[in-house]
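A.B. asks: Okay, predicted coordinates and the sequence, questions at the end:
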Amino acid sequence: MEQDWIWGLIGGLLIGTGGAVYLLANGKIMGASGIIGGLVDGSGRRSAMERLVFLAGVFALPVLLYPLYGAVDTHVSTNPAVIIVAGLLVGAGTRLANGCTSGHGVCGISRLSLRGIVATVFYILAGGLTVVFFRHLLGVI
Amino acid sequence: MHLLYAFIAGGLFGAGLFVSGMTDTSKVQGWLDVFGAWDPTLAFVMGGAIIPMAIAWRLVEGRKPLVGGAFPEPSEPRLGRNLVLGSTMFGAGWGLAGLCPGPAIASLSYGGIWHWVFVAAMLAGMALAPLLRVRLDRLVPAE
């Protein structure tokens, strides 16, 4: 547990390197919600294959790494209402805002984009208030 | 070639999310929960990710992407209703489940049924977003 931050840093460097490859090689911003959302609403039809291959990489690497770790508990909620409402909010919210933690957060902040910084402030504030409210006041998460 | 690069980028992203522990919802919620047992990991992940990305943005100047074309132009600094409302909705969902779009995909192979339910709901939300946009524009003709 004490080395969690080291693994966080290593993982972060890998994530940022992925974003750098996507930008420098393909000229695209590595935003997960944009890459997925473009497939859902058809706006990314022309680059559908590139999006699917990117997502295949996101899905596949954990499959390869998993055996090294044995068991990984994601501690995810098993409350259907929590999961479904959360999923709907994440899906609709990221598309309305045109970005999530990777696009606005990683790619936006590193470019000192005002939109990225403002979006990040709002989703962190909303996330923090939500956890405090639903965990400490209602006790549902 | 662009497909190979896309797979490498996605692979690095997925591997990074996995080793950093960001697919563990308790670590994400632990970072957001400033009144609980605060978990600083997410800040290291964000900080670590921003370093190579900041270097990449520097390298963009005066160059072209390897596969050709052009780099994305800086977005107009428009801080409209959609950015604020959308990010607030996203943050609420992120806090509720401890999952955002990247980790939700990365954890599908080992997270169990509730990760699939989350992704299904997220895709539904993404499909509904254009409708929501139109509704909002009718309600408040902003931006």
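C.D. replies: Alright, I've got the coordinates.
A.B. asks: Briefly note if the helix or strand hosting A:Gly127 comes near chain B.
C.D. replies: The secondary structure element spanning A:Gly127 is helix A:114-131 (assigned by DSSP states H and E). Yes. Shown here: helix A:114-131 in contact with chain B (Cβ under 8 Å from any Cβ of the partner chain) through A:114-115, A:118-120, A:122-131. Heads up, the C-betas are built off the backbone N, CA and C, glycines and all.
A.B. asks: swap in stretch A:40-58?
C.D. replies: Yes. Remark: stretch A:40-58 sits within contact range of chain B at A:40-41, A:49-51, A:53-58, by Cβ under 8 Å from any Cβ.
A.B. asks: Can you list the buried residues in that stretch?
C.D. replies: Residues of stretch A:40-58 classed as buried: A:40, A:44, A:47, A:50-58 (neighbour count, 16 or more other Cβ atoms under 10 Å in any protein chain shown).
A.B. asks: Could you name the helices and strands sitting against the helix holding A:Gly127?
C.D. replies: Packing partners of helix A:114-131 (3 or more Cβ pairs under 8 Å, 6 or more residues apart in numbering or on different chains; DSSP states H and E): helix A:80-97, helix A:109, helix B:25-32, helix B:81-97.
A.B. asks: give me the number of residues near the closest residue to A:Gly128 other than its chain neighbours?
C.D. replies: Of all residues not flanking A:Gly128 in the chain, B:Leu32 sits nearest, at 4.7 Å (Cβ to Cβ, 6 or more residues apart in numbering or on different chains). The number of residues packed around B:Leu32, counting by other Cβ atoms under 10 Å in any protein chain shown, is 26.
A.B. asks: Per-residue confidence at B:Leu32, what does it come out as?
C.D. replies: The model reports B:Leu32 with a pLDDT of 97.
A.B. asks: What separation is there between it and A:Leu39?
C.D. replies: Distance, B:Leu32 to A:Leu39, using Cβ to Cβ, to the nearest Å: 28 Å.
A.B. asks: Ok, B:Arg138 next?
C.D. replies: Taking Cβ to Cβ, one finds B:Arg138 at 27 Å from A:Leu39.
A.B. asks: A:Thr120 now?
C.D. replies: A:Thr120 sits at a distance of 24 Å from A:Leu39 (criterion: Cβ to Cβ).
A.B. asks: likewise A:Thr130?
C.D. replies: Taking Cβ to Cβ as the measure, A:Thr130 falls 27 Å from A:Leu39.
A.B. asks: All set now, cheers.
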